[in-house]
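Trainee: Just the structure for this:
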Amino acid sequence: MTGDPWILPGAGPYCKGCGHPLVLRALDEALAVLALDPADVAIVTDIGCVGLADSRIGSPHTVHTMHGRSSAFASGLALADSVLGTGRLKPIVLVGDGGATIGINHLIGAALLNPDVTVVVHNNFLFGMTGGQSSALSPVDFVTATTREGNLVSPLDLARVLLASRAPFVARTVTGDRELPELLRQAIAHPGFAVVEVLELCTAYATRWNPLTGAGLRELAEQAGYELGVLRDDPRPTFAAGWLARHGRATTGRAKPATTSPARFHHDVAHATGIVLAGTAGERVQTAATLLAQAALLCGLHATQKNDNPVTQGTGFSVSELILSSEPILYTGIERPDAVLVTSADGAAELARAGVLARVGPGTLVVADAGIELPPLPVEPLRLPLRSSSGPKLAALAAVATWSRSAGMIPGAALRAAVADRFGAAAEGVAAALEPIAPAPSRPG
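Mentor: Numbers count the residues shown, from 1 in each chain. Modelled structure (predicted):
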């Protein structure tokens, strides 16, 4: 324990009468009663006025996230700590009604997953930081900047949504509730996902346009049909408990690997090898890369694959970056590629735009279709009629097979086994692309 405060004193950057400082004060009291080590607490804040709480946090860790994604970040923290750390971390999410509804799928996912995370929803019925617009939690007839004659849309009952999502601890109250510190203490102490929705006042907008006072929050809740108090306190096994029961806690700073079958094929990968495969979207570029990654796994290697293509799946470029290594791979970036395989003009243009071709070195193996233009490179590309010999849909796989033969790192038998596993009865037609292709006549560039 340290002598530093959990929450710094004072109202901080908030408007006079805002409910956010009252929730922070209640949170401070709850944490003091729990007597947790501040090193075991992470305050995760969302975008909006609630995110200004970062400046009010004393000794605990803080993480400021993207709009609506705070519960997802917190879930990741909790799950990582449960497997790789001490298992004591208590992430506490502070999110407004805007962030909660924008990120509703993340809240639902967290409730289903059941990590040891506490979410405090500051519900002041509108978007306070950006001008008082209505949110999905604005009550009927509530006046906001975008509903000046009163809201016509029934509000989402967030607590009931999370109850239906099997959240094991759900509570709702108002900022003036004297039991709020105890309610927050119960939520944080709960062994799993817990959410507390706190109804608040936004004195910048809500009270300006609506006859609303602190005492009227309970009446507003009653009119909206909102139940107050603890709506559920029924612990169930967390995801971490299930994981640890199956895999055990990591003891070396890394997750315990899943059991794998012995290597079926020999490899000659002496160091981490980066391969960039580029072509046209819809022509199985990423499938070819996946097959190479699968072949590497069959050789007992580690493999990563990072894909990129336009939002439109069937037009434009498609790029896959692979790393193959006999050691665990802790990153996905390739600074200088060991091989660049290009099957179309779309792929070549994207590699030029992204600077990949500029990073080609004297030791890089470049395999390119005979019909595409490439800028001057420090190596002579291996030109093959990939598209005309194998067809556009199999040109990328043909390029992969060419790299396999030229580099001598992954045997062709491993590639054929990966194709058989992936395509089953149709594998014979696909495997034709693995056969050697006669080089095209030499050409400049």
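
Trainee: low-scoring stretches of this protein, by residue?
Mentor: 1-4, 11, 249-261, 311-313, 440-445 (pLDDT under 70).

Trainee: Other residues contacting stretch 49-62?
Mentor: 2, 4-8, 10, 12-14, 18, 20-21, 24, 38-39, 41-45, 64, 94-96, 99, 122, 128-129 (Cβ atoms under 8 Å, 6 or more residues apart in numbering). Backbone N, C-alpha and C define where each C-beta goes, glycine included.

Trainee: Distance of the spatially closest residue to residue 363 that is not a sequence neighbour relative to residue 379?
Mentor: Spatial nearest neighbour of residue 363, excluding adjacent residues (Cβ to Cβ, 6 or more residues apart in numbering): residue 338 at 7.2 Å. Residue 338 is 12 Å from residue 379, where distance means Cβ to Cβ, to the nearest Å.

Trainee: where do the contact lists of those two overlap?
Mentor: Jointly contacting residue 338 and residue 379 under the rule Cβ under 8 Å, 6+ apart are 363-365.

Trainee: before we move on, back to that, how many other residues sit next to the residue nearest to residue 363?
Mentor: 21 (other Cβ atoms under 10 Å).

Trainee: And for residue 115?
Mentor: 23.

Trainee: swap in residue 382?
Mentor: The burial count for residue 382: 17, using other Cβ under 10 Å.

Trainee: just checking, it touches residue 369?
Mentor: No - taking Cβ atoms under 8 Å as the definition, residue 382 is not a contact partner of residue 369, at 10.5 Å.

Trainee: for stretch 84-92, which positions count as buried?
Mentor: 84, 89-92 (16 or more other Cβ atoms under 10 Å).

Trainee: Could I have the CA atoms of that stretch written out in CSV?
Mentor: Only the C-alpha atoms of stretch 84-92 are listed here, as CSV (Å, rounded to 0.1, in the frame of the first residue of the first chain):
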residue,chain,number,x,y,z
LEU,A,84,0.3,-14.0,-17.3
GLY,A,85,0.3,-12.0,-14.1
THR,A,86,-0.6,-12.2,-10.5
GLY,A,87,-4.3,-12.7,-11.0
ARG,A,88,-5.0,-9.8,-8.6
LEU,A,89,-5.6,-7.0,-11.0
LYS,A,90,-9.0,-5.2,-10.6
PRO,A,91,-9.8,-3.1,-13.7
ILE,A,92,-12.6,-0.5,-13.0
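
Trainee: Residue 291 is in what secondary structure piece?
Mentor: helix 285-298 (DSSP states H and E).

Trainee: what's the distance between that helix and the middle of its chain?
Mentor: Centre-to-centre, helix 285-298 and its host chain are 23 Å apart (Cα atoms, centre = their mean, to the nearest Å).

Trainee: what's downstream of that helix, the next helix or strand?
Mentor: Counting by DSSP H and E, the element after helix 285-298 in chain order, helix or strand, is strand 302-308.

Trainee: Residues in contact with that following strand: which ones?
Mentor: Against strand 302-308 from outside (Cβ under 8 Å, 6+ apart): 286, 289-290, 292-294, 296-297, 317-329, 332, 350.

Trainee: Mind listing the strands it pairs with, and their directions?
Mentor: Applying DSSP bridges to the sheet, strand 302-308 is found paired with strand 317-325 (antiparallel).

Trainee: ok and the strand it pairs with relative to helix 285-298, angle-wise?
Mentor: If you take axes from the mean of the first three to the mean of the last three Cα atoms, to 10 degrees, strand 317-325 sits at 10 degrees to helix 285-298.

Trainee: What is the helix or strand just after strand 317-325 packed up against?
Mentor: Note on strand 317-325: by DSSP H and E, the next helix or strand toward the C-terminus is strand 339-342. Packed against strand 339-342 by the contact rule (3 or more Cβ pairs under 8 Å, 6 or more residues apart in numbering; DSSP states H and E) you find strand 273-280, helix 345-353, strand 365-369, helix 395-407.

Trainee: Relative to residue 214, which of the ones you listed is closest?
Mentor: Closest to residue 214 of the helices and strands packed on strand 339-342, according to Cβ to Cβ: helix 345-353, at 56.8 Å.

Trainee: quick one on the thing from earlier: now the buried residues of stretch 84-92 as CSV including distance to residue 309 and secondary structure?
Mentor: Shown next, in CSV, are the buried residues of stretch 84-92 (distance: Cβ to Cβ, whole Å; DSSP: H, G, I helix; E, B strand; the rest coil):
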residue, distance to residue 309, secondary structure
84, 32, helix
89, 37, coil
90, 40, strand
91, 34, strand
92, 38, strand
